[in-house]
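Asker: have a look; sequence and predicted model below, questions after that.
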Amino acid sequence: MINTTTKYLGLTLKNPIIVASCGLTNNVESLMELERNNAGAVVLKSLFEEQIKMQIDSALKGSINHYPGGEDYLRYYEERHVVDNYLKLIRDAKAKLTIPVIASLNCAAGGEWTKFAKEIEKAGADAIEVNIFRLPFDLQDNKAVNEDTYANIIRDIKANVSIPIAAKIGKFFTNPAIFIQKLAFSGADGVVLFNRFYGVDIDLETEKVVNDNHYSSANEFSDVLRWTAILADKLECDLCASTGVHTWKEGMKILLAGAKVFEVASTLYINGIEEMNKILAGIIKWMEEHNYTDLQEIIGRLKHSNTEDNELYERVQFMIYQTKFD
Ligand SMILES: Cc1cc2nc3c(=O)[nH]c(=O)nc-3n(C[C@H](O)[C@H](O)[C@H](O)COP(=O)(O)O)c2cc1C
């Protein structure tokens, strides 16, 4: 009998497959379907800082505000509306599911929104995943300020709640190891590597800027593997892999590299949510064939310090090909 139990953020998961924050995790019926198809945990669709602000702005534009203080009222009302719906989703999910329910906050800066974390905890979420990103393109925006913003957001949220927090981050930092360690010191119990950015493209027919493909491909997995293996050695906090896990093979590899769990989204849209059953079955079959009985024997087995070939994790230039194929 294979034991696929794993621990992430202090939570016990029956298996390492987490459904990433996406459209499949924004209603209870779909969440129940995900649980039936072997999700080990779910991350709810994010409550966006932008989303709250947009709703406030549209209410203000559409209203004729005759009363001093009316703007504040509308702002309060709209904010409660979005937040209340989200809190209801958490409560409903907790009432119907047995697997851990992780709420998700999506933001680019600190401020008002951090107070919502407290209500999320009260609604019953088992943890919060905080998706933080600021696109630094301003010449006046100094690197230290940008990276410190992340640590400050984590610290603010952590000060408000006692449930665990994971930081979901992108891969573009001066030194991801130092940066993530700073996040852990600021209170992050786990880190999700990596957030996949919403893509952009140009349509040559219409000469307009358009959205790129919403879904990842398994080709995007290599950076996740590299950084998971390198960081699994160095950090105290838990690692969760995200981006490019499409089949059991990527799942198996990322566990070997040191992730305690992994998230899936695109593969469920492309192949259907039943794909999770195949991912779990594939992991169990591989473990049986390789004579493992417990997932804990697997996790980190091929992390950076555990492998003889660990320089392959470090090598990024193509020197070897010059001798092989020149
Ligand atoms: C349709 C869709 C909606 C998403 N919505 C969110 C979201 O609300 N919050 C978030 O943090 N990530 C969101 N994501 C990103 C996913 O959580 C995930 O990080 C990304 O898709 C990479 O994982 P994958 O390769 O398994 O798809 C969304 C992705 C998709 C495809």
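Answerer: Looks like it came in fine.
Asker: can you tell me the element the residue nearest to Val130 when sequence neighbours are not counted falls in?
Answerer: Distance criterion C-beta to C-beta, 6 or more residues apart in numbering; nearest residue to Val130, sequence neighbours excluded, is Leu105 at 5.1 Å. Yep, even glycine has a C-beta here, placed from its N, CA and C like the rest. Using DSSP states H and E, Leu105 maps to strand 101-107.
Asker: ok, and does that strand reach over to the ligand?
Answerer: Yes: contact of strand 101-107 with the ligand (C-beta under 6 Å from any ligand atom) involves Ser104, Asn106.
Asker: so how far is that strand off the chain centroid?
Answerer: Centroid separation for strand 101-107 versus its chain: 9 Å, with C-alpha atoms, centre = their mean, to the nearest Å.
Asker: what residues does that strand touch?
Answerer: Contact with strand 101-107 is made by 9, 18, 21, 31, 41-50, 86, 90, 93-94, 113, 116-117, 120, 123-132, 153, 157, 166, 168, as judged by C-beta atoms under 8 Å, 6 or more residues apart in numbering.
Asker: give me the subset of the residues you listed touching the ligand.
Answerer: Applying C-beta under 6 Å from any ligand atom to these, those adjacent to the ligand are Ser21, Lys45, Ser46, Asn131, Lys168.
Asker: how far away is Ser222 from Leu256?
Answerer: 14 Å (C-beta to C-beta, to the nearest Å).
Asker: which one's more surrounded, these two?
Answerer: Neighbour count, other C-beta atoms under 10 Å: between Ser222 and Leu256, Leu256 has more, with 21 against 11.
Asker: just checking, the more buried one touches Tyr292?
Answerer: No: counting by C-beta atoms under 8 Å, Leu256 does not reach Tyr292; the two are 10.5 Å apart.
Asker: what is in contact with these two at once?
Answerer: In contact with both Leu256 and Tyr292: Ile298, using C-beta under 8 Å, 6+ apart.
Asker: nearest spatial neighbour of the closest residue to the ligand within the stretch 101-250 of the chain, skipping sequence neighbours?
Answerer: Minimum separation of the stretch 101-250 of the chain from the ligand (C-beta to the nearest ligand atom) falls at Ser216, amounting to 3.2 Å. Among residues not flanking Ser216 along the chain, Ser266 sits closest, at 4.4 Å (C-beta to C-beta, 6+ apart).
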